[in-house]
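In: model this:
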Amino acid sequence: MEIWRIGPGDIGGKGGGVKYFYDKFLTEEGKREWNEKFNPHILRIPDSSVLRTGLFKEFVEKRHLLDVIDIDDDEEVKRRFLEAEITGSLRDRLKAFLEKKTYPLAVRSSALNEDAQSHPFAGLFKTILLPNNHPDFKVRFRQLEQAVKIVYASTYMTNPKQYMATHGLSIENELMAVLIQEVVGFRHGRWFYPHLAGVAQSLNYFPVGYLKPQDGIVLLVMGLGKGAVDGNCVMRFSPSYPNIRPQMQQAKDALQSCQKEIYVLDMGKNDVEINDEMDTLAVIPLQEVADDEVIPFFASTYSISEGVFYPGLRKGGISILTFDSVANSEIFPFSEMIKWLLKRNENLWKVPIDLEFAVNLEFSPRGAKAIFYMLQVRPLVVQRYGSEVKIPDEMDTSKLMIRATVAMGNGVI
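Out: Presented below is the predicted three-dimensional model:
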């Protein structure tokens, strides 16, 4: 499965990461080592196409949109882009692309500087998911056009502009490509979602017990990966030591930090006007997908009267996703797959790595087969500072400048 490049220019950071992964892992030679270790499980990238940066440059210049750099209102920036007529070359290419695609689409940013090692733009630009199932091609095309415009507009929104100014980068020189990918998942009634999704990093800033930073970390969810990327309720563990899960040590911590709802693509929202990332998404309780065949492997229910967790969804308790059978590789070798992918990519990139993934499971009498999709590969920023911070046992709270109830990553304020 190749990555199709549309229009002139560059494919951007995210597109470049996906292409690099394809070249290294999904050619015949690249597949051999995976198959030797993990057959019959399959490694893939989603069907992917990139609108290269030349189409963005032409659109911004011909529609006189560069002046939005001086606008601090994100809604106004978005309005200007949505109201601008797309160029003929972009329209023709989008129509030709859409005529061949009948599955849900993820319209994702791929700016030139997005995944740069020294200053990655993770989470600053927009991603729009589309059901792409309306019987009228004009409706499907309108939604795709709006999604592309919103991703384009996010180039000049407040957070990216401030981030670039902080790092001494020129927003005038930034160019945006758009990576359009098949949404990984399957349809469950009105909802569309993958069985598993998440983020894996080869460096863990907060190891516990005898874990080391180099043991890595996984943030795992059921459903769309937005929950993991946004840092919502997820299951966290090291793929090297999947049984060490601090959030499961006490019931109150598990009930507070584990997933109780899942992000899904709402296939019924196939004709709405696209203005925001959540326009086509929904957040649903676990009970909505209680009949999904993976639930017995993913969920646990806490009995308040007995003070213990039982596997699966049960009435009369509080149900959460603990992913016990996944972390411990009981249904497929998930932790071993993540370890292998992190190590191989880190060796190739020569820096710590951040992976975004999704997994579909197929069940048969012989067991479960995983279709493991790599969505994104990028370098993980590691900043090292020469001073050691010592936190005293007691401190005068009246002298605190900043206080947080959650831990922050390494950095300088």
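
In: where in the chain is pLDDT low?
Out: 1-2, 115-123, 231, 382-389, 405-413 (pLDDT under 70).

In: domains in it, by residue range?
Out: For the chain, automatic domain parsing gives the domain ranges 1-27+47-183, 191-382.

In: reformat those domains as JSON lines; add distance to Pro392.
Out: C-betas here are computed from N, CA, C, even on glycine. Listed next are these as JSON lines, based on distance: least, C-beta to C-beta, whole Å:
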{"stretch": "domain 1-27+47-183", "distance to Pro392": "31"}
{"stretch": "domain 191-382", "distance to Pro392": "20"}
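
In: out of those, flag the one nearest Ala404.
Out: domain 191-382 (13.4 Å; C-beta to C-beta).

In: how far off centre is that closest one?
Out: How far domain 191-382 lies from its chain's middle: 12 Å, per C-alpha atoms, centre = their mean, to the nearest Å.

In: start to end distance for stretch 179-194?
Out: 19 Å (C-alpha to C-alpha, to the nearest Å).

In: just the helices in the stretch 1-150 of the chain please.
Out: In the stretch 1-150 of the chain, the segments counted as helices under DSSP state H, counting those that start in this stretch are 12-25, 28-38, 53-62, 74-83, 88-98, 137-153.

In: now the fourth one and helix 53-62, what's the angle there?
Out: Between the axes of helix 74-83 and helix 53-62, defined by axes from the mean of the first three to the mean of the last three C-alpha atoms, to 10 degrees, the angle is 100 degrees.

In: give me the buried positions along helix 74-83.
Out: By neighbour count on 16 or more other C-beta atoms under 10 Å, the buried set for helix 74-83 is Asp74, Val77, Lys78, Arg80, Phe81, Leu82.

In: with the third one instead?
Out: Neighbour counts over helix 53-62 (16+ other C-beta under 10 Å) mark Thr53, Gly54, Leu55, Phe56, Lys57, Glu58, Phe59, Val60 as buried.

In: what separation do you get for Glu394 and Arg403?
Out: 15 Å (C-beta to C-beta, to the nearest Å).

In: follow-up on the earlier one: for the buried residues of helix 53-62, give me JSON lines that also has distance to Lys315.
Out: Shown next, in JSON lines, are these (distance: C-beta to C-beta, whole Å):
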{"residue": "Thr53", "distance to Lys315": "54"}
{"residue": "Gly54", "distance to Lys315": "57"}
{"residue": "Leu55", "distance to Lys315": "53"}
{"residue": "Phe56", "distance to Lys315": "52"}
{"residue": "Lys57", "distance to Lys315": "58"}
{"residue": "Glu58", "distance to Lys315": "58"}
{"residue": "Phe59", "distance to Lys315": "54"}
{"residue": "Val60", "distance to Lys315": "56"}
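
In: closest to Leu375 out of these?
Out: Thr53 (20.6 Å).

In: wait, what's in contact with that closest one?
Out: Gly9, Asp10, Ile11, Gly12, Leu112, Leu175, Met176, Ala177 (C-beta atoms under 8 Å, 6 or more residues apart in numbering).

In: quick one: which of these sit in strands?
Out: Among the contacts of Thr53, the ones falling in strands (DSSP state E) are Met176, Ala177.

In: counting neighbours, which of the contacts of Thr53 comes out on top?
Out: When neighbours are counted by other C-beta atoms under 10 Å, Ala177 leads those with 30 neighbours.

In: with adjacent residues omitted, what lies nearest to that residue?
Out: Counting by C-beta to C-beta, 6 or more residues apart in numbering, Ala177 lies nearest to Gly12, which is 3.5 Å off, once chain neighbours are set aside.

In: what is the nearest of the contacts of Thr53 to Gln250?
Out: Nearest member of the contacts of Thr53 to Gln250, counting by C-beta to C-beta, is Gly12, at 43.9 Å.

In: next one: that closest one from Leu82, what distance?
Out: Distance of Gly12 to Leu82, computed by C-beta to C-beta: 21 Å.

In: I'd say the residue nearest to Ala177 and Leu112 touch.
Out: Yes: between Gly12 and Leu112 there is a contact at 5.7 Å, judged by C-beta atoms under 8 Å.

In: strands of the stretch 201-350 of the chain, start to end?
Out: 217-221, 235-237, 261-266, 281-285, 299-303, 308-311, 318-321 (DSSP state E, counting those that start in this stretch).
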